[in-house]
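Participant: Sharing a model prediction with you, sequence too.
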Amino acid sequence: MSLRRRSVLSLLGLGTAGMVTARVFSEGSLVPSAQRGVVRSRPFDPVPVPLPVEGDGLRASEQHNVYRDISLEDRLALPEGFRADLLAAWGDPLGESRFGFNNDHLGFVQHGPDHASMTVNFEYISALPWTEGFEDVIGQAIPFSRLVEQLAPADGEIDCTPLTAGDPLLGLIRGVADQAMTDLGFGVMSLRRDSQGHWSRADAATDRRITGITGLSDPTQRLVSTGPAAAVFRAQQRLGYDDGLGDGIVGSFANCGGGTTPWGTVLSAEENIQSQVPEAVYADGSSVPPSACPFLCREGKLAGLGNVYGLAGNKYGWMVEVDPQRPGHAVRKHTALGRFRHEAVAVRAEAGRPLQVYSGCDRRGGHLYRFVSSGTLTDLADKANSRLLEDGELQVARFHADGSGEWLSLTPDAVVDPFRPSRFSEANLTCPVELPHRDRDRAGAELFRDDASVAAYARKFRTLGDLYRGEGEALQGAILIDAHLAASAIGATPTARPEDTKIDPITGDLLIAFTSGSPGGKGGADPAVFCGPQGQSSWGHGWVMRLTEYGERGFRWTMAVTGGEPWAGGLGLTNPDNLALDQQGNLWIVTDRSMKSAAGDVFGNNSCWWVPRDGGSALCFATGPMECELTGVCLDQEESSLFLAVQHPGEVHGARVSGGIEFQSHQLVDREGASFQQLRQVPLGSNWPAQAPGRPPRPGVVAIHRANGEPLLPG
């Protein structure tokens with residue numbers, strides 16, 4: 001329970017305090033969240049969090065005293081003895097362009113003791129802080145307000161495709177859209193380590209930027225498509241839109257999660273492409289026209305950027321590979337890995353076996369996927385291994401409530417057998433099941449709300465080959481382009497927004513961060529699998545799952561971490577997002593609660609947590625500045641530095657001004673189960689990293705280390 005009240009008054013005498021709840025590992029697995037952890041020696045003093053947790057060492061009466069009145073701060077808070085160095089922030093020079101906006105995944109690749117590269121994703125534009133700070137940060141004006149005024153009669157929306165090159169309105173639109181697309185995509189920056197062991201920018205010749213419109217004016221810079229969908233892009237005839245580029249692709253955007261390969265390349269995952277281009281496709285895999293996703297520009301909102309350039313939506317939503325050491329090497333979109341709202345990337349590489357790549361589709365009801373290469377690995381460091389990503393089988397997970405599961409093939413002969421809507425209704429949820437439209441001359445999806453209609457659908461379309469059109473590779477390509485709906489059609493389990501996947505270095509198990517089990521208007525998570533600590537059919541705080549493979553197709557799963565308030569059975573954090581595992585198998589988690597909703601206010605700012613493998617308290621390692629998300633958590637080889645990306649500080653209120661405060665009232669529960677009220681002071685907006693009132697917030701990347709030069713954690 002929380003009450004939000006906005007004020008510009010000062011509230012005196014408030015402080016911060018807190019620790020975190022405890023959960024432990026047992027025999028290589030995290031213990032289920034219903035079990036208590038044990039308190040052992042701590043590798044660092046945890047950063048305070050704003051709610052009582054079971055590992056804080058306080059008696060109930062002390063929890064009342066400590067947590068009754070607190071205030072949050074607009075800074076990156078770290079444990080005592082740790083320091084954060086800013087490596088780069090929005091607007092800094094990078095390659096031939098600049099460091100983009102809303103940095104997410106960090107692909108750290110170390111090339112020697114003191115040299116490394118970092119590939120940084122730039123996911124999306126937060127319109128308010130981006131427009132407020134643009135002139136200050138970039139050094140030039142942007143005609144955003146003038147464009148908003150011009151488009152106001154149409155509520156900010158326009159289809160740019162009929163506009164001619166000389167149209168002044170198109171010129172005005174390009175003045176905004178070109179800058180926004182420049183701040184999307186990803187970049188490669190080089191790093192060096194000094195004699196004190198601190199990482200900093202190196203500004204090497206390998207630094208580069210791939211933006212949302214790379215290749216638009218210079219065809220030699222276009223991205224390359226590999227795998228079955230390239231046959232769809234090259235088709236001479238199609239049901240839908242033709243961008244005229246064949247299998248070439250302009251740019252990359254919506255780059256969220258990612259991963260690294262043993263041979264030193266980085267995979268960048270295109271996620272929420274539906275904000276910029278149409279997501280729906282026809283049965284042959286061709287895209288609906290750009291007019292289906294018009295350009296939108298109004299105060300606080302900027303979307304539909306692909307419409308400005310006539311981009312084909314089916315060329316986005318892929319896994320993109322870049323080699324940070326070879327700036328002249330083509331950037332590739334590997335279509336064999338499927339098109340969906342890619343978030344996570346984990347690579348399982350073992351000599352003598354096929355390559356396996358795990359990824360998740362971050363939407364309510366999205367699926368978990370596994371790609372298995374046709375070829376096998378020999379030398380794990382061989383750059384030629386990238387060819388393994390071009391040919392193989394995409395599979396999707398079906399989970400069972402008994403803790404088992406299997407992988408289903410997304411191939412033309414896969415049997416249509418969708419998840420039944422009654423599975424939701426029996427759990428008092430109203431989620432529909434989304435499937436490819438029954439009229440196969442129409443693009444996109446259709447919502448089904450009863451079992452009878454789904455059964456009739458399965459009788460009409462026996463296999464995916466009946467649902468999709470094409471011959472040979474083009475048929476497989478059409479299925480992969482529409483991977484989310486194709487997976488729904490064959491009965492893949494709808495899950496709880498899978499946002500990261502990582503391989504446990506000790507056991508080889510897969511860890512998956514499922515951010516939220518809350519249902520949505522187009523789907524939700526299977527309530528038999530994704531249930532709350534007391535069996536709730538809807539649980540919005542998320543989980544970390546451990547998945548153990550067995551045989552060629554089977555697996556076992558268990559929930560290793562459950563998010564939520566400690567008094568409700570959770571860990572004390574909400575919405576686990578990015579994950580990292582250190583060499584000892586300890587788990588690092590960063591959170592992604594929405595700052596646009598009051599639902600998670602009790603948890604305070606987004607945070608980074610450390611969960612020890614061998615038992616003991618989970619500890620909060622960092623809390624972020626106001627209204628930000630912490631992303632991209634990763635470590636260097638020696639594990640003396642940890643890297644974090646601070647994404648969208650000030651997203652809701654923009655730059656923080658002196659005296660801008662919100663008061664919140666929260667009902668908390670102490671360790672003995674008694675409720676008490678908390679009054680909390682919350683700054684509005686952010687000035688990070690400048691931390692001076694009125695200065696624009698800038699997303700950026702930091703390297704964190706101990707001030708005394710010792711490893712992050714004791715040996």
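Facilitator: It's in.

Participant: what mean pLDDT does the lengthiest helix in the chain have?
Facilitator: Counting residues, the longest helix found in the chain (DSSP state H) is helix 168-182. Throughout helix 168-182, pLDDT has a mean value of 98.

Participant: Can you tell me what sits against that helix?
Facilitator: 97-98, 100, 125, 130, 134, 138, 142-144, 146-147, 150, 158, 160, 163-164, 211-213, 251, 253, 295, 297, 302, 305, 308-309 (Cβ atoms under 8 Å, 6 or more residues apart in numbering). All C-beta spots, glycine's among them, are computed from the backbone N, C-alpha and C.

Participant: can you list the residues that contact stretch 110-117?
Facilitator: The contact list for stretch 110-117, computed with Cβ under 8 Å, 6+ apart, reads 108-109, 188-194, 199, 202, 206, 264, 324-325, 636-637.

Participant: Go again with 7 Å.
Facilitator: Here stretch 110-117 makes contact (Cβ atoms under 7 Å, 6 or more residues apart in numbering) with 108-109, 188, 190-193, 206, 324-325, 636-637.

Participant: So which bits of it are buried?
Facilitator: The neighbour-count check on stretch 110-117 (16 or more other Cβ atoms under 10 Å) flags 110, 116-117 as buried.

Participant: Next: stretch 661-672.
Facilitator: Under the neighbour-count criterion of 16+ other Cβ under 10 Å, stretch 661-672 has 661-664, 666, 668-671 buried.

Participant: out of these, which are inside helices?
Facilitator: Among those, no member falls in helices (criterion: DSSP H).

Participant: Cross those against strands and list the overlap.
Facilitator: 661-664, 666, 668-669 (DSSP state E).

Participant: Which two among those residues are spaced furthest apart?
Facilitator: Using Cβ to Cβ, these span at most 25.8 Å, a distance reached by 661 and 669.

Participant: Same list, the contacts of stretch 110-117, but as a markdown table with neighbour count and secondary structure please.
Facilitator: A markdown table is the format used below for the contacts of stretch 110-117 (neighbours: other Cβ atoms under 10 Å; DSSP: H, G, I helix; E, B strand; the rest coil):
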| residue | neighbour count | secondary structure |
| --- | --- | --- |
| 108 | 22 | strand |
| 109 | 21 | strand |
| 188 | 24 | strand |
| 190 | 19 | strand |
| 191 | 25 | strand |
| 192 | 15 | strand |
| 193 | 21 | strand |
| 206 | 18 | coil |
| 324 | 25 | coil |
| 325 | 16 | coil |
| 636 | 19 | coil |
| 637 | 13 | coil |
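
Participant: re the thing from before, of the ones in strands among the buried residues of stretch 661-672, which is the nearest to residue 627?
Facilitator: Closest to residue 627 out of those is residue 662 (11.0 Å), distances taken as Cβ to Cβ.

Participant: Am I right that the closest one is in contact with residue 684?
Facilitator: Yes: with contact defined as Cβ atoms under 7 Å, residue 662 counts as touching residue 684 (5.6 Å).

Participant: Could you check the pLDDT of residue 32?
Facilitator: Per-residue confidence for residue 32 comes out at a pLDDT of 34.

Participant: what's the nearest residue to residue 512 if we skip its chain neighbours?
Facilitator: When the adjacent residues along the chain are set aside, residue 512 lies closest to residue 545, with 4.6 Å between them (Cβ to Cβ, 6 or more residues apart in numbering).

Participant: What is the neighbour count of the one you found?
Facilitator: 24 (other Cβ atoms under 10 Å).

Participant: and what of residue 271?
Facilitator: Neighbours of residue 271 using other Cβ under 10 Å come to 27.

Participant: Just name the closest of the buried residues of stretch 661-672 to residue 380, please.
Facilitator: Closest approach between those and residue 380, by Cβ to Cβ: residue 671, at 48.3 Å.

Participant: and that closest one, how far is that from residue 66?
Facilitator: The gap separating residue 671 from residue 66 is 12 Å, by Cβ to Cβ, to the nearest Å.

Participant: Quick check: residue 591 touching residue 578?
Facilitator: No: using Cβ under 7 Å, residue 591 makes no contact with residue 578, being 9.0 Å away.
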